[in-house]
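> Sharing a model that was predicted from the sequence below.
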Amino acid sequence: MKENARHTETTARSHWLLPARLRGRLDNHPIGKNLYITEIAFYPEHSLFEKEVPRNNPDYILAYCVSGSGWYKLNNKMQILNANHFVVLPKKNLVQLGTDTSGQWSIYFVKFNGTIGEDMYKYLLRDKKNIDQTTPPLVGRIAQFQDIMHHLDLMENMENLLYANFRFYSFLGTFRLTVFNYMKKGIDNIIERCIIIMKDHLHENLTLDDLASKAHVSASYLSALFKQKTHYSPIQLYTSLKIQKASQLLKVTKMPIKQIAEEMGYLDQYSFSRSFKQVMGTSPKKFRETK
């Protein structure tokens, strides 16, 4: 069965296709050409759903299953797609998606392209096997999708089209969440718990041993886990959170820098200024003057 031909696909609740004339405008736009949506749809809890994208398809595909269970085929090789799983698929390959006779699922489907389309596809492809890619169910993600659809419906206005594709960057970014993964237990929960501890103790000067003790793990394990999952040490992230909070205080209050340093658990203004410059690239004084 071919796209836009007779098949078992039921009508999407929301569906949008990029007209060829607008694709040409985007391809020649200095910013719009980077990444843009060519087709986007939401299929809510349909049974007997099946969609086929032909082998000559020039665009990359993201399929995100919100609930239920279905399947997809890449060049006739089948994989199961469960709730809170997603798959990114390469261009110029035969792709099929569907459910069996007893299945119902809710799926978000996007085709995209642009000068960084290949790079974005590789970025989202966390696992080269491209199977069992999970993602936490975020309310904000669905809100972004709906906002994108709303502005694409106003596509005659180029500004709306560009805005929708800018939002698409953010939408795709939610599929690479690795730290705040609320779907997983075990090691990811340790990281989440430790970050909450950090935020609750920004006014102190916790050491690695302190953090590990409060998280009920060994210091060596916590350090290795953070580097594996976040590419930062626990103390680097703790310091970054302190400086982020200090930046807010510098912007919205008239508190003396020395007092802010004390609020963030620093023993003296010099050590605070040194940490601030390492993270923000400028001194607290210059940051406040600039902002």
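Yep, that arrived. None of the values given here were measured: they were computed from a predicted structure.

> can we go C-alpha only for contacts and neighbour counts from here?
OK.

> any idea which helix or strand carries Ser67?
Take DSSP states H and E as the rule and Ser67 turns out to sit in strand 60-74.

> Now do that strand: which elements does it pack against?
Applying 3 or more CA pairs under 8 Å, 6 or more residues apart in numbering; DSSP states H and E, one finds that strand 60-74 contacts strand 77-82, strand 85-89, strand 95-98, strand 104-113, helix 117-124.

> Just the C-alphas of the helix ranked longest in the chain, formatted as CSV.
Longest helix of the chain, by residue count under DSSP state H: helix 234-252. Extracted in CSV, the C-alpha atoms of helix 234-252 (Å, rounded to 0.1, in the frame of the first residue of the first chain):
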residue,chain,number,x,y,z
PRO,A,234,28.8,15.7,40.7
ILE,A,235,30.8,18.7,42.0
GLN,A,236,30.9,20.3,38.6
LEU,A,237,27.1,20.1,38.3
TYR,A,238,26.7,21.2,41.9
THR,A,239,28.8,24.3,41.2
SER,A,240,26.9,25.0,38.0
LEU,A,241,23.6,25.0,39.9
LYS,A,242,25.1,27.4,42.5
ILE,A,243,26.2,29.8,39.7
GLN,A,244,22.9,29.6,37.9
LYS,A,245,21.2,30.6,41.2
ALA,A,246,23.8,33.3,41.8
SER,A,247,23.2,34.7,38.3
GLN,A,248,19.5,35.1,39.0
LEU,A,249,20.3,37.0,42.2
LEU,A,250,22.7,39.3,40.4
LYS,A,251,20.1,40.1,37.8
VAL,A,252,17.0,40.6,39.9
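
> tell me which residues in it are buried?
234-235, 237-243, 245-247, 249-250 (16 or more other CA atoms under 10 Å).

> Against which helices or strands is that helix packed?
So helix 234-252, by 3+ CA pairs under 8 Å, 6+ apart, packs with helix 187-200, helix 219-230, helix 257-263, helix 269-280, helix 284-290.

> Just the mean pLDDT for the second one, thanks.
In other words, helix 219-230. Averaged over helix 219-230, pLDDT sits at 87.

> Then the third one?
Mean pLDDT, helix 257-263: 95.

> in that helix, what counts as buried?
Ile257, Ile260, Ala261, Glu263.

> now the longest helix of the chain, how far from the chain's geometric center?
23 Å (CA atoms, centre = their mean, to the nearest Å).

> From the rest of the structure, what touches that helix?
Helix 234-252 has contacts (CA atoms under 8 Å, 6 or more residues apart in numbering) with 195, 198-199, 202, 207-208, 222-223, 226, 255, 257, 260-261, 264, 275-276, 279-280, 284, 287-288, 291.
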